[in-house]
Every structure is written in C-alpha cells, then in structure tokens.
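Participant: okay, predicted coordinates and the sequence, questions at the end:
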Amino acid sequence: MRSLARKLQRSARPFNIAIIDAFKEIVLNQPPPEIIEVSIGASKAVQQAEYSIHCIFAATDLLMRAHSRTQVGRSLLARWGDITAWVNFIAQDLSQLLGPQRREVGELIRCCANLLAQVAWVANWPAAIFLVDSAADAIVSLWTYMDSDGYPLLLSSLVNPTGCPVISLFENWCLRNRNNVLSKLQKQSGDSLKTAFHFASRRLKSLTHRLAGQQITIHCAISDICAIWKTTVRMIEVGPAEEIYDALIRFKFFHRIVESLNKLTQQPPTQNATNLLQARSVIIQASDTMSDVMFGMLLSTNPVRAIVQGIRGGLHDYLLRHFLPHADTGSRQYSQLLDAYKNVSLHCIYPAVRRATIRALPNETSQDFEILVKEFPDFENVFNMLDFAKTEPIGRERGEGYRKQLCDSPMVRNTMIFFLPS
C-alpha cells in the first residue's frame, strides 16, 4: 500500500469521534475489494483499502480511551458484520499482500484485534455476535496470523489490563459455537486440530518467554492460560476426544501449559497489600488449572507421553518449589492437587516417566524425600514414588504391585468429566 506507513505514523494523533461516521459511510457501506484489484493497483480498490486502514486505527484509538469507549463501541456494534468482514480482509488477504515482516502490518493487525475485542467488551460479549459468519472468518484469521518471527499474535503486555484480545475472541467464539466449532475450523482452515492447538501451544510458549522477561503481568498471563485451557476442555467435551488428545500431545501442549503455569508462580511478589491479595488469587487460579491439566494428562490417549511432557515443563518443580512451601492444607486446591499428583506419580513405573523424573530432579536424594514426607505426610505416596523412580530398578514383583495400584486407580476405572463455569 502506497500510504500505509504514512497513515500509521499519523494515526497516533488525537481523533475526533466524528470519524466514526466517516468510517461507516466511506468503509463499512462498501464490501471489501477483491485482493487482486488491490495487488494490481486499481485506484478505487487501493483507495478503499487505505480508507479502511486509517479508519480502523482511528476507531481503535477512540475505543481505547475511557471517555469515548462506550459511545464508539455501541455505535460500531450495529455494524459488527461489516466490521468483521473488513477485519478478515485485512488479516487474511491484505496482510499477505503487504508481507507479515513489515512492522506496520503487525501494528495494523493488532489494531484489528483490539477493535473487535473492545466492541465485544462494550456489549458485554453477547453470544449473537459470535454466530455471525464473517466474525468466524475474522477471528480465525487473527488467531492464525503469524508475525515475521513465526509466532502467532499475543497482545498481552505490562500495559493491557486484561488478557490478549485474540485469545478472548477465540475463546468466546469457540464457546458460543461449541457443538460445531471444529467443523467450522475445518471448513475455514482445512485442518481444525492444527488450527486450534498448534496456535494455542505456540501462544503458551510466547507467554512463558514474556513471563521470564517480565514483559507481561501475572493477571494477563493467568487470564490467557485459563482461557486457552477452558477452550481446550470444551472442545474435548463435544469433539472427537481421542483425536484432540493426540493433537495436544503432538503439539506439546501439556509441556507448554505446565511450563507457563510453573513460570507464572515464579514471578516475584510485590509488597503492596492489594497486589499481594491479587497475586494470591492468581496463584489459586494457577493451582486449579494445574490440577485440571494433570487430570487431562491422565485421561489422554497416551498418558505416559502426556505426563512426560508435563514433567519436562516443570510439573515436579511446581510441586516442590512453589505449591507445597505455601500450601493451605485445608484448601480445595490442596486436595485436588494431592489427588492429581498421586495418580500421576503411579506412572513412575514406566521407564519414560522415570527418565523424565530423574532429569527433572537431579539433586534430590532419598533423605530429601524422607524429610518431605515428614513435612507433608499427605503426599507420602507421591514422594515414595519419586524416590522409587530415582533410586531403584523395577523388580517384577514390585512392578506388578504398582501396576495393580494404577489399574485400580479411579482415573483408569472411570471416565472423568470436566466441569467448568460457563
């Protein structure tokens, strides 16, 4: 686009709310042009695309301002279908034409995501807007957009008060279309499971890196992690569970979600009393999610591989370094994690789990585990299994005894159903 850089540079100046009327008249009253017309430089198509870029930046700027957010959001909500059609055109077609390596294109895609999320937020995320076909196209295009480094869009930061708008949009779209979300993803992308879980896994990886670099707040991080997990659970409930579990393992999903939760609990606490209370709330959410993820590993089509991924992501480190030292033994989170770790630790009879445990706990000795048993007697079976994994070869008789415990486990006998708030 001839004037894209100029439009982006000028977009930072204050905008008058009257530009929303121009947005409607000049852009939204027209369908997006054919991308081929833009690529060959057809005057009308190029001008129309330039107008859309300028207006989207202006509208997003107004939506991010407290004094104009509600008025602008309500005004644009009535044109939701037209807006999402234009966002899809920009995120899918125009971005490819312009090249994702250009910084300005990345800025434009971020504005598109913030525009949709802010309009949905002003309207309190109504279900109806996520049933619109053009909304599905736009949200999936934003979800699958990759930057020049090969990473999907992740907008959480130290500035945003909430989680990533792309994750929020994708979560709400999936939950509102829960019975046919995979078929819609298949129709739009040709590979529904890769579209859902490859991009989810890559976002978790990006999120972990940002936590390590303190480039994201713990509140944004837990919001994004919980949204991704909640979406995953809903898909398992209504979709082909075996295929979904296979995809989760294939894309290292269990590794990355455990790693992100583990990294989240490592963030240094602040001394502000309000922030300490908020941080405690985040840790409780992290514990709830970790126990759910562990049950998900146990229920997967290949629990051994799923558990190995979790251990490599820091599952044992989370228990020993972050949860137990601060655990409230009377809490629901303590009870849930106890049940989950008991079932997971039984899988130490498998060589792959033993090897992963040895690598994850290189310095722990039998004496260390004995001390832990005295300090946390409820976890005696867990620590005994970890000690067993590190120190003893599996004899036939003892191995059969552990296998019997594993087969008698309610996680194997019964089908586990996740219950999450709607």
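Facilitator: Thanks, I have it. A quick note: this is a predicted structure, and the numbers were derived from the prediction, not measured.

Participant: quick check: residue 286 touching residue 219?
Facilitator: No. Contact between residue 286 and residue 219 fails when scored by Cβ atoms under 8 Å: they sit 11.5 Å apart. (Each C-beta comes from the backbone N, C-alpha and C, glycine too.)

Participant: and these two? Which one has more around it.
Facilitator: When neighbours are counted by other Cβ atoms under 10 Å, residue 286 and residue 219 differ, and residue 286 comes out ahead with 24 against 19.

Participant: contacts only, for residue 264.
Facilitator: Residues in contact with residue 264 (Cβ atoms under 8 Å, 6 or more residues apart in numbering) are 211, 218, 221, 222, 225, 282, 286.

Participant: do residue 323 as well
Facilitator: Residues in contact with residue 323 (Cβ under 8 Å, 6+ apart) are 265, 287, 290, 337.

Participant: restricted to helices, list those.
Facilitator: Residues of these located in helices (DSSP state H): 265, 287, 290, 337.

Participant: so which of those comes closest to residue 140?
Facilitator: Nearest to residue 140 out of those is residue 290 (Cβ to Cβ; 28.9 Å).

Participant: that closest one: how many residues sit nearby?
Facilitator: Residue 290 sits with 29 neighbouring residues when counted by other Cβ under 10 Å.

Participant: got it, and residue 29?
Facilitator: Residues lying near residue 29 (other Cβ under 10 Å) number 10.

Participant: repeat for residue 302
Facilitator: 14.

Participant: isn't it right up against residue 247?
Facilitator: No. With contact defined as Cβ under 8 Å, residue 302 does not count as touching residue 247 (11.8 Å).

Participant: thinking again about what came up before, mind checking which of the ones in helices among the contacts of residue 323 are buried?
Facilitator: Using 16 or more other Cβ atoms under 10 Å as the burial test, the ones in helices among the contacts of residue 323 include 265, 287, 290, 337 as buried.

Participant: what about the residue lying closest to the first one once chain neighbours are set aside, which SS state?
Facilitator: Across the structure, with Cβ to Cβ, 6 or more residues apart in numbering as the measure, the residue nearest residue 265 apart from its sequence neighbours is residue 322 (4.1 Å). For residue 322, the assignment made with DSSP: H, G, I helix; E, B strand; the rest coil gives helix.

Participant: contact partners for residue 322?
Facilitator: Counting by Cβ under 8 Å, 6+ apart, residue 322 makes contact with 262, 265, 266.

Participant: for residue 30, same thing?
Facilitator: Residue 30 makes contact with residue 48, according to Cβ under 8 Å, 6+ apart.

Participant: tell me who's in contact with residue 260.
Facilitator: By Cβ under 8 Å, 6+ apart, residue 260 lies in contact with 204, 207, 208, 211, 221, 225.

Participant: residues contacting the residue nearest to residue 91 when sequence neighbours are not counted?
Facilitator: Spatial nearest neighbour of residue 91, chain neighbours left out: residue 141 (3.9 Å); criterion: Cβ to Cβ, 6+ apart. Contacts of residue 141 were listed using Cβ under 8 Å, 6+ apart, and they are 87, 88, 91, 92.

Participant: keep only those of these that are in helices.
Facilitator: Filtering the contacts of residue 141 for membership in helices, criterion DSSP H, returns 87, 88.
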